[in-house]
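Enquirer: quick one, structure for this:
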Amino acid sequence: MNSLMDGLDSDALNDSFWNAQPSPDPVKAKKTYNFQTPTKPSSKLITRNSSSLKRAVSAPSPSKVFSAGDVDLGSFLEGAENWDLDDMDPFSPKKKSPKKAAPRAVIADTSYTSIICTRCVVESVSESDYNGKWYKKLLVKLDPGEERRQVLLYDDWFQTDARIGDTINVLGTFSVLSPSSSSVALTISITSQSNFIILHPDFLLTATALSNAPQCRRKPLLSALIRSSSDITPALVWGNMLHEVMEMCLREQRWEEAWVGERIDGVIERGLSELVKLNITVENAKQEVIKRASGLKAFAERYLSDKPKPEAILTNTRASASQGASLLAIPRLLDVEEDIWSPTYGLKGKLDATVYTVVSDPSPVQAIFKSPPIVTEGPKPFEIKTGRAVASMEHRAQTMLYTLLASERYGTEVTSGLLYYTQSEEVVRVPAARNELRGLMVARNEMVSYMMSRYRTVGTGEDEMQDVEGEQEPFLPPTIDDERACNRCYVLDACMLYRRTTEAPMQMTSPIYNTYDLKTSHITSAHSEFFKKWEALISMEEQDLVRFKKELWTMGAAEREKKGRCFAGMVLDETFTGLQHNALPAGGNNEAIGASSKIHKFTYRFARAYGWGKEDNSLLHGHMAQGDPITVSVEPHLLALTRGFVLELTPSEVIVGVDHSLSLDVIKARIGSDTQRVIFRLDKDELFGGMGRIRDNLAHLFYAEGDARRRKLVVDLKPPSFSPIAEMPPAVVKYTKDLNVSQQAAVAKVLAAEDYALILGMPGTGKTTVIAALIKALVEQGKTVLLSSYTHSAVDTILLKLDDADFGILRLGNVDKIHSDIHKYTLARRRIATTVEQLEHQLISPPVVATTCLSVRNNNARKGGLDVSLFRRLSDAHPEAVADLAYQYRMNEDIMLLSNKLIYSDRLRCGSAKIAHQTLALPNNTFFDRLHTTKSSCSDGCWIEKLVSPNCKAIFVDTDLVPGIESRVGDLVQNEVEASLIYQLTESLLQCGVKEAQIGLISLYRQQVKLLSHLFLERKGIEILTADRSQGRDKDCIIISLVKSNDAGQIGDLVKDWRRMNVSFTRARSKLVIFGSRKTLQNAPILSEFFHLMDSKKWIFQLPAEAHKRHVGVFESCSTPSKRAVNQLSDIAKENMILESTQERPQKKLKKKTIENTGLIRGRPILKDLIHDTM
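Expert: Residues are numbered from 1 along each chain as shown. Presented below is the predicted three-dimensional model:
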């Protein structure tokens, strides 16, 4: 209690929540101690640039602030109409008969006006003093808007590190500036007693992180940077399990001992993976959780009712003993595990539960007058704590912050939150007090200021890119150097690592120097530079993962849909009954499906609201596709109401799996709407994922007890060791006998490696075959194997070659993204483990484990060195560790020639003459008779017959004369003419007897993939892929759509990426057809060599004018959905072909200032790939 009341007698408070003066009781008047503005600027914790600060000439006086101690007569007289004044007459000799109990004064927490939030951008910052007290003046511009206003920061707000260009939220009401200037008419004073400023509100700091910094601001920021999978303790596991049990009990209103026991069994069964990590048996876990859950039934009997019971005491640590006891009733549960984002306060949090409460408080004059209790009703955050500590500072801070989030979500004032301690069976009320909240917001602003320094350091664009090895602004608060606290801190290793590598050396006089030396003495200057450089590059990569996050609250749904990152104007289809998923085997492991199983709890179907937007506004237009993470909001009332994934997507409907129920009745009640329909927006969620785990892997290389062996190999580049092998072991020969000489040599090198070996395999050289043989050989020798790649398709392609293996395989990952033939290797297709031993057997017994890893998306990170793969780093340092594969068994010699000349300097060789001369055979040529029923349609030669011919093995199809001009859907590029041409060519191949499985369609642009997918809706066997997803997907015939065709010669950065182009080319075995505009593409120097080679081989074919219209009628009978699609494409393409002359094409469709040229991603092709081609 002493710590909770700390600061009551202080008359000079600092800026900390944990030392802040508690807010006065709202009823009983108390003497107040106002914050005293410092007489001079306090020294900053870190050095900040001061070049933007200007000294003010005049000093306006701060606005008048009313004391919180002023008597509130309204509160004092609350319920006066029920007072019995006669009964209080001390001189009356005769007392009247007792009256019936007066009715309670019920006050519902519904009269709520949300705080006025003004979003601004800082234009200037100056400091001055008024009567010896310093204040900071900000000149701001409304965002959006042009109006200028003035913001004055007093008291502890003076320390706010606001800089020119920063975004802020001002919470409070502006007043007229007197005297007003010509440019500024309104002003606001932010003081210790009124109003708030939120710095960088688009950084949503978690309430948990903010509440966990009572002693150290550095700890929560490090926890956010490095997310370790090893930070798990028994207490944490028991707490999480009890949380889940409690939430199920609240939801179902079931508290019987047997029922709770069944829920505990289920929670433990689902948490077996955690028990495996801790090496704890199911029996021990059950005992621990049952012990902690023993008070749940008593809690329900005491608190769960419509009206407060006499024994339902609500603890209030701020109430005096003379005030009497408050009582609590919880009539119903509103939600559990509710994610709430608040860009108003710059906060987010996951509330354990939100409950509707009835609270009975004693009247403030009950000790003097006989008066009924004051009863309030409304929602409150309900936090479940399984430890012994009661109302700790961290718990109180977290609950206070949750009251702010709950107020915004439920549209009603939430004056306090609840803390329930399961071990003491006590419920504590935490008032949302102004002083404490002010201290928390000051701490939040300080923390996000450091976070922003991080992004300023690594830069946000090519022009702002700084040397990641140069001088950097501190992005972490300083260490507190408290020996006891630091040695007990769970982020000690990371803290000391950052202190050693990114900050000034620690002085020997520091109280924690011995700890610092113990943790970091092994780190050399080379290690520091390595960690510093790669950690900064990871941060660049991290920026792109959250690049568009703030658009969810700063951009309207219709506007964001134009950019392809939102579905606006959506309504819930209440007739939808759910998806029929593939049935699991008896006892199938539903929980093993992966992380998505925790998110996909409810399935809903959305459709476009009637009358919303254009009728032809297809949902296929945009960046959102099946499998993408999404958030569902009700604009503008409820932000991120629920989150999940796109399960199915058609032009008119989208089916999603989400983590929270969507009840229209509940939503209408929350937003106060009596309309017949609720309009939703579905946004692509840029917040799924992060780089914390990657940073953790990097950090472990440098921890004192980390991975020293790999540090020597990867960082210090110690030469790898190989053991001599006289000959291949007999048990291995059976797996290598069908391999060629270079493949056998590669297998031998791997088997001899004691550290690592590298296999350099060019396209078609049999990498997959060698890897499959290697896995079999290693398992034969008793080894275990981890198989990993950047894409799911690459992993699954190798596993398909192991289908006949006689050993166990475990495939990890989201089942929705795993090849259907590989599902049998996932945990989802195995019986549910009921013991730790059974799960250990499922996880550990398979000698082969397969999964995916991450790839680089940020272009600046690539330029900084993140594109230097581990393979390249090791192979450059130790070429003796590399085995080359030169003979390819995929492409014929014409297709191979492209890669050989453009990429591999003639190092590729065909593995056999048969491979070199293979062609795509046509089993049936009679289709051409039907194709040419009208001779005039192809009087100058048939382009389809030319391309279908087996003699045509590699060809570029020039669309300039057609013409085939690109178009845009928002920021996305597509080409309807190319799509129509590809459709006709593909259907011709199919009509000539080529099987669907032999054909693959590839485009670098995701929107074009969507367009082609819609055309071939009924052709399930044809794979339509982006370049990245095509890896490992070899086909007899590959048709590529390059899309780009415009008069401005803009080819885009994706086409310049020869690695992707090479992957696309080398997927073809017998036929490669590339559609594109030569006039547009040849402007790039990188493509000039390609066209020179194609010209020299006479492999360029120029289509005649309107080639896409010559055979449209023939294909109407091929496929009904496709027929309609082709006709639609023909109509759409008319807009791009107003003039036949290629010299006078309409420019209005091309919009020179596209997303490719905006400041946001200028010069960042990989970021554009994140938009156009993300998985």
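
Enquirer: what's downstream of whatever helix or strand residue 778 lives in, the next helix or strand?
Expert: With the criterion set as DSSP states H and E, the secondary-structure element containing residue 778 is helix 767-780. Next along the chain after helix 767-780, taking DSSP H and E as the criterion, comes strand 785-789.

Enquirer: so in that sheet, which strands flank that next one, and in what orientation?
Expert: Sheet pairing of strand 785-789 (DSSP bridges) gives strand 848-852 (parallel).

Enquirer: chain center to the strand it pairs with, what's the gap?
Expert: Strand 848-852 sits 23 Å away from the centroid of its parent chain (CA atoms, centre = their mean, to the nearest Å).

Enquirer: quick one: average pLDDT of the lengthiest strand in the chain?
Expert: With secondary structure taken from DSSP state E, the chain has its longest strand at strand 326-342. Confidence over strand 326-342, taken as the mean pLDDT, stands at 91.

Enquirer: name the strands paired with that strand and say parallel or antiparallel.
Expert: Partners of strand 326-342 in its sheet, by DSSP bridges: strand 313-316 (antiparallel), strand 347-361 (antiparallel).

Enquirer: and residue 807, how far from residue 782?
Expert: According to CB to CB, to the nearest Å, residue 807 stands 11 Å off from residue 782. Using the backbone N, CA and C atoms, a C-beta is placed for each residue, glycine as well.

Enquirer: so for these two, which sits in the more crowded spot?
Expert: Taking neighbours as other CB atoms under 10 Å, residue 807 and residue 782 compare with residue 807 leading, 14 against 7.

Enquirer: how about the more buried one, phi and psi?
Expert: Backbone torsions for residue 807, taken as degrees, to the nearest 10, come to phi -130, psi 170.

Enquirer: tell me, what's the model's pLDDT at it?
Expert: Predicted confidence (pLDDT) at residue 807: the value is 92.

Enquirer: show me what contacts it?
Expert: Residue 807 makes contact with 779, 846, 847, 848 under the criterion CB atoms under 8 Å, 6 or more residues apart in numbering.

Enquirer: at 7 Å instead, please
Expert: Taking CB atoms under 7 Å, 6 or more residues apart in numbering as the definition of contact, the neighbours of residue 807 are 779, 847, 848.

Enquirer: need the residues you listed in JSON lines (columns: distance to residue 343).
Expert: Below are the contacts of residue 807 laid out as JSON lines (distance: CB to CB, whole Å):
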{"residue": "779", "distance to residue 343": "52"}
{"residue": "847", "distance to residue 343": "49"}
{"residue": "848", "distance to residue 343": "46"}
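
Enquirer: among the residues you listed, who's most crowded?
Expert: Using other CB under 10 Å as the neighbour criterion, residue 848 leads those with 23 neighbours.

Enquirer: pull the contacting residues for it.
Expert: Contact criterion CB under 7 Å, 6+ apart gives 775, 779, 785, 787, 807, 809 as the residues in contact with residue 848.

Enquirer: what's the answer for residue 215, then?
Expert: Taking CB under 7 Å, 6+ apart as the contact definition, residue 215 lies against 480, 482, 485.

Enquirer: hang on, the earlier thing: so what's in contact with residue 807 and residue 782 at the same time?
Expert: Counting by CB under 7 Å, 6+ apart, residue 807 and residue 782 have no common neighbour.

Enquirer: any idea how far residue 150 is from residue 183?
Expert: Taking CB to CB, one finds residue 150 at 10 Å from residue 183.

Enquirer: more crowded one of these two?
Expert: Counted by other CB under 10 Å, residue 150 and residue 183 do not tie: residue 150 has more neighbours, with 20 against 10.

Enquirer: can you tell me the SS state at that one?
Expert: Using DSSP: H, G, I helix; E, B strand; the rest coil, the structure places residue 150 in strand.

Enquirer: who's in contact with it?
Expert: By CB under 7 Å, 6+ apart, the contact set of residue 150 is 137, 139, 177, 184, 187.

Enquirer: so how far is residue 169 from it?
Expert: In this structure, residue 150 and residue 169 are 16 Å apart, going by CB to CB.

Enquirer: centre of the chain to the helix or strand that contains residue 1054, how far?
Expert: If you go by DSSP H and E, residue 1054 is part of helix 1053-1056. Per CA atoms, centre = their mean, the displacement of helix 1053-1056 from the mean C-alpha position of its chain is 26 Å.

Enquirer: tell me what it is packed against?
Expert: Taking 3 or more CB pairs under 7 Å, 6 or more residues apart in numbering; DSSP states H and E as contact, the helices and strands that helix 1053-1056 lies on are helix 1165-1172.

Enquirer: same question for the longest helix along the chain: list its buried residues.
Expert: If each helix of the chain is counted by residues according to DSSP state H, the longest one is helix 434-458. For helix 434-458, the neighbour count (16 or more other CB atoms under 10 Å) marks 434-458 as buried.

Enquirer: that one vs strand 347-361, what angle?
Expert: Orientation check (axes from the mean of the first three to the mean of the last three CA atoms, to 10 degrees): helix 434-458 against strand 347-361 gives 170 degrees.

Enquirer: could you export whichever helix or strand comes after helix 434-458 as PDB, CA atoms only?
Expert: Note on helix 434-458: by DSSP H and E, the next helix or strand toward the C-terminus is helix 483-487. Output of helix 483-487 as PDB, limited to C-alpha atoms (Å, rounded to 0.1, in the frame of the first residue of the first chain):
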ATOM      1  CA  GLU A 483      22.600  -4.600  -9.800                       C
ATOM      2  CA  ARG A 484      19.700  -6.400  -8.200                       C
ATOM      3  CA  ALA A 485      17.000  -5.500 -10.700                       C
ATOM      4  CA  CYS A 486      19.300  -6.000 -13.800                       C
ATOM      5  CA  ASN A 487      20.500  -9.400 -12.700                       C
END
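
Enquirer: give the buried residues for helix 483-487.
Expert: Along helix 483-487, these residues count as buried under the neighbour rule (16+ other CB under 10 Å): residue 486.

Enquirer: over to stretch 821-837?
Expert: When neighbours are counted by 16+ other CB under 10 Å, the buried residues of stretch 821-837 are found to be 822, 825, 826, 827, 828, 829, 830, 832, 833, 836.

Enquirer: residues in contact with stretch 386-395?
Expert: 3-4, 18, 211-212, 214, 238-239, 242, 292, 317, 383, 385, 419, 421-424, 426, 428.

Enquirer: out of those residues, which are buried?
Expert: 18, 211-212, 214, 238-239, 242, 292, 317, 383, 385, 419, 421-423, 426, 428.

Enquirer: so which residues of the stretch 551-700 of the chain form strands?
Expert: 566-572, 602-608, 629-634, 638-649, 653-658, 680-684 (DSSP state E, counting those that start in this stretch).

Enquirer: sheet partners, orientation included, of the fourth one?
Expert: Going back to what we said before, that points to strand 638-649. strand 629-634 (antiparallel), strand 653-658 (antiparallel).

Enquirer: please apply the same query to the shortest one.
Expert: Looking at strand 680-684 with DSSP bridges, its paired strands and their directions are strand 566-572 (antiparallel), strand 629-634 (antiparallel).

Enquirer: lovely, talk soon.
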